[in-house]
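Asks: I need the structure of the sequence given here:
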Amino acid sequence: MKKLLILGAGTAGTMIANKMSHVLSRDEWKITIVDQEETHYYQPGFLFIPFGIYGENDVIKPKRDYIPPGVEMILSEIELIEPEENRVRLVKDGRILHYDYLIIATGTQPRPDETPGLTEDEWRKSIHDFYTYEGAVALAKTLRTWQGGRMVVNIMELPYKCPVAPLEFIFLADWYFQQRNLRDRVELTLVTPLPSAFTKPRAASLLGNILEEKNINIVTEFYPERVEPDEKLLISYDEVEVPYDLLVTVPVNMGAEVIGRSGLGDELNHVPVDKHTFLSKQYDNIFALGDAAALPTSKAGSVAHFAAEVFVENFLRYIEGQEMLIEFDGHANCFIESGFGKGILIDFNYDVEPLPGKYPLPGIGPFSLLQESEMNHWGKMMFRWMYWNILLKGKEMPITAQMTMAGKWS
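Replies: Prediction:
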């Protein structure tokens, strides 16, 4: 019997486990999935927790509820991947798992410890994150009593999960403080290593003024070196200082440490793979999906979804010795919550920048690309139900995995 081993039961790993359980014969294949955590988090929901929009029940479910029958789930940390021997060593009981094919879906995680000064005495006091459940809950508690000052939202390093989330956070902060009649006492600043808030030409031309309209400052091409928590300063490598009263940071994001220990990762512990097929550049029976993969596209749930759709058919060809024909095009789309019950939608891939238009039905929508609308907001809010009930379970979504130009105005 052949063995398929999946490391990680987050978004990508769970989707693949469900899809593979439907297409691989149980008489011929044993599918095992390993994860060290029992809880599955709906990570896009973390954004809404600080503002009291979502609570625990909206973002937390047991992982086992989404692992299909016939797939063995093992709860354990992973000690080491040994690709030369086609095996994985677990921390729990020193167990060794052998595989014929390995899918790495161990994700990427915030690493605030990578930035000097970030996690000292002021962590979760005047310095917060919202990329973890605990961080989002702590920030919600702080915002309930905060009476204003300089709020700085900063990005430590690229790449990071959900690239639009810092923008969404500062837009929601603008809305939140206006709702509480505190906006005139809050100075909002976005600090980014990018050259602008929207780096692609069409997006910049259509949305470039939105921060100015919302009275949000932006500091660009800022590469943080350290935080001085006592002086409340964010300091760059060239000693430029940004003062704050409340710092909301997107920490350095890194892949799982076991990827580095096993010699399978780049400098950030993400697995180098072919960007179209997800096949490891080192081993011909290892694939990496989702945020664990070093791909030149967004580390976002939509990428994991579209990649999984392409991967399944390709994998079935690959195990039969056939050439992988379907190539992932880097398709991603993201709803950008912009506050006041409105949102923006972007849809793009490796080669095509976000363009205006209607999505997913050409000329009809109901969603508008690169345009603020109430329908886009409701699309963002409805997606949570789709995530738990359709996407995570590996069911078909009414959206093509490959990006289409239909409905876009180029």
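
Asks: Convert stretch 326-342 to PDB, retaining C-alpha atoms only.
Replies: Output of stretch 326-342 as PDB, limited to C-alpha atoms (Å, rounded to 0.1, in the frame of the first residue of the first chain):
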ATOM      1  CA  ILE A 326      -2.000  21.900 -15.600                       C
ATOM      2  CA  GLU A 327       0.100  24.800 -14.400                       C
ATOM      3  CA  PHE A 328      -0.900  27.000 -11.500                       C
ATOM      4  CA  ASP A 329      -0.800  30.600 -12.700                       C
ATOM      5  CA  GLY A 330      -0.400  32.300  -9.300                       C
ATOM      6  CA  HIS A 331      -4.100  33.200  -9.100                       C
ATOM      7  CA  ALA A 332      -5.200  35.100  -6.000                       C
ATOM      8  CA  ASN A 333      -8.100  37.300  -5.000                       C
ATOM      9  CA  CYS A 334      -8.700  39.200  -1.900                       C
ATOM     10  CA  PHE A 335     -11.500  41.300  -0.400                       C
ATOM     11  CA  ILE A 336     -10.100  44.400   1.200                       C
ATOM     12  CA  GLU A 337     -12.400  45.600   4.100                       C
ATOM     13  CA  SER A 338     -12.300  49.400   3.900                       C
ATOM     14  CA  GLY A 339     -14.600  50.300   6.800                       C
ATOM     15  CA  PHE A 340     -18.100  51.700   6.900                       C
ATOM     16  CA  GLY A 341     -19.700  48.600   5.500                       C
ATOM     17  CA  LYS A 342     -17.700  48.700   2.300                       C
END
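
Asks: Give the rounded mean pLDDT of that stretch.
Replies: Taken as a whole, stretch 326-342 has an average pLDDT of 94.

Asks: next one: stretch 38-49
Replies: Average pLDDT, stretch 38-49: 97.

Asks: Now that stretch: buried residues?
Replies: For stretch 38-49, a neighbour-count test (16 or more other Cβ atoms under 10 Å) marks His40, Tyr41, Tyr42, Gln43, Pro44, Gly45, Phe46, Leu47, Phe48, Ile49 as buried. No exception for glycine: its C-beta is placed from N, CA and C like everyone else's.

Asks: Just give me how far it sits from the chain centre.
Replies: Centroid separation for stretch 38-49 versus its chain: 11 Å, with Cα atoms, centre = their mean, to the nearest Å.

Asks: what sits up against that stretch?
Replies: Contacts with stretch 38-49, where a contact means Cβ atoms under 8 Å, 6 or more residues apart in numbering, come from 9-11, 14, 54-55, 58-66, 75, 130-133, 135-137, 139-140, 161-162, 165, 168-169, 172, 301, 337, 383-384, 387-388, 392.

Asks: Can you pick out the ones from the residues you listed that are in strands?
Replies: Here DSSP state E is the test, and these give Ile60, Lys61, Pro62, Leu75, Glu337 as lying in strands.

Asks: give me every residue that touches the first one.
Replies: If a contact means Cβ under 8 Å, 6+ apart, then Ile60 has Thr39, His40, Tyr41, Tyr42, Tyr133 as its contacts.

Asks: Which of the ones in strands among the contacts of stretch 38-49 are buried? Put it as a PyMOL command.
Replies: Listed next is the PyMOL selection for buried residues among the ones in strands among the contacts of stretch 38-49, using 16+ other Cβ under 10 Å:
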select buried, resi 61+337
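
Asks: With that, I have no additional questions.
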